[in-house]
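Participant: sequence unknown, structure follows:
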Ligand SMILES: Nc1ncnc2c1ncn2[C@@H]1O[C@H](COP(=O)(O)OP(=O)(O)OP(=O)(O)O)[C@@H](O)[C@H]1O
């Protein structure tokens, strides 16, 4: 049987009087790449923020289980210690540090020097662009390269679950393709991923399973390949029909 890494049930989130998330159920099993797609304002980012405990002042109801424990209300630094990593929208790399220094920062919770070096080598293999530029300041990287660095830095914490919020946002079409290639490669390394994306087509092509979110609710879920073939998904989210 597949092992549940994340299970969200009955999640409701209100910003003041506005109910942004209205009862969301979703789960991610070990080794899966699951995508959460939907239009602007559907509540995808808010759902991710609830998982990472970064919604101060909001009313959050429901249950969030991570590795079998209820984590609703847990502080984000505690979650990082428990190997839950998030790459937020807008990335947030340390611009005045080099690529290598950024990666070392990602490993700050670890003390296995040899393992850290092995991981740097491993992720440089997946992100050759970063390897070539390892001594370059992160602030001088292109948007796509910064996205790759943010992902690689998160991976250095050895996450049990990696949450990615719109990694393709603001990137050129070629860079978007590259980012998805990297996401697929990272998934192929056995990392469990929950990917929030507006680029529904590429996200479903990369993922094992998908959820569609609309106005704070999950309106559809299934095998990603089946969803790609679904006429309703094609019309509403892939711009076809
Ligand atoms: N800090 C906030 N205060 C008040 N309302 C908010 C806040 N953040 C988000 N919202 C509202 O909550 C709803 C869901 O927003 P959210 O950012 O989660 O959507 P999304 O699906 O991630 O969309 P996008 O793809 O545009 O980021 C929107 O109506 C948004 O205006």
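Facilitator: Sure, I can see it. Owing to the predicted nature of the structure, the values given are computational and were not obtained by experimental measurement. Residues are numbered from 1 along each chain as shown.

Participant: Identify each buried residue in the strand or helix carrying residue 100, please.
Facilitator: Residue 100 is part of helix 99-106 when elements are defined by DSSP states H and E. By neighbour count on 16 or more other Cβ atoms under 10 Å, the buried set for helix 99-106 is 99, 100, 101, 102, 103, 104, 106. C-beta coordinates here come from the backbone N, C-alpha and C atoms, glycine included.

Participant: possible to save those residues as TSV with distance to the ligand and pLDDT?
Facilitator: Listed next are these as TSV, based on distance: Cβ to the nearest ligand atom, whole Å; pLDDT from 0 to 100:
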residue	distance to the ligand	pLDDT
99	27	96
100	31	96
101	30	97
102	25	95
103	27	96
104	30	95
106	24	91
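
Participant: and the nearest residue in space to residue 177 that is not next to it in sequence, how far is that from residue 168?
Facilitator: The shortest distance from residue 177 to any residue other than its chain neighbours is 7.6 Å, reached at residue 202 (Cβ to Cβ, 6 or more residues apart in numbering). Separation of residue 202 from residue 168 (Cβ to Cβ, to the nearest Å) stands at 7 Å.

Participant: If you count surrounding residues, which of those two has more?
Facilitator: Remark: of residue 202 and residue 168, residue 168 carries more neighbours, 23 against 20, as counted by other Cβ atoms under 10 Å.

Participant: For that one, which non-adjacent residue is closest in space?
Facilitator: That would be residue 176: by Cβ to Cβ, 6+ apart, it lies 4.4 Å from residue 168.

Participant: Pull the contacting residues for the one you found.
Facilitator: 168, 199, 202 (Cβ atoms under 8 Å, 6 or more residues apart in numbering).

Participant: change it to 10 Å
Facilitator: If a contact means Cβ atoms under 10 Å, 6 or more residues apart in numbering, then residue 176 has 144, 147, 167, 168, 169, 170, 199, 202 as its contacts.

Participant: what's the distance between it and residue 199?
Facilitator: Applying Cβ to Cβ, the value for residue 176 to residue 199 is 7 Å.

Participant: quick one: pLDDT of the residue nearest to residue 168?
Facilitator: Per-residue pLDDT puts residue 176 at 92.

Participant: Quick one: distance of the helix or strand it falls within to the chain centre.
Facilitator: Assigned by DSSP H and E, residue 176 belongs to helix 173-188. Relative to the mean C-alpha coordinate of its chain, helix 173-188 is positioned 13 Å out (Cα atoms, centre = their mean, to the nearest Å).
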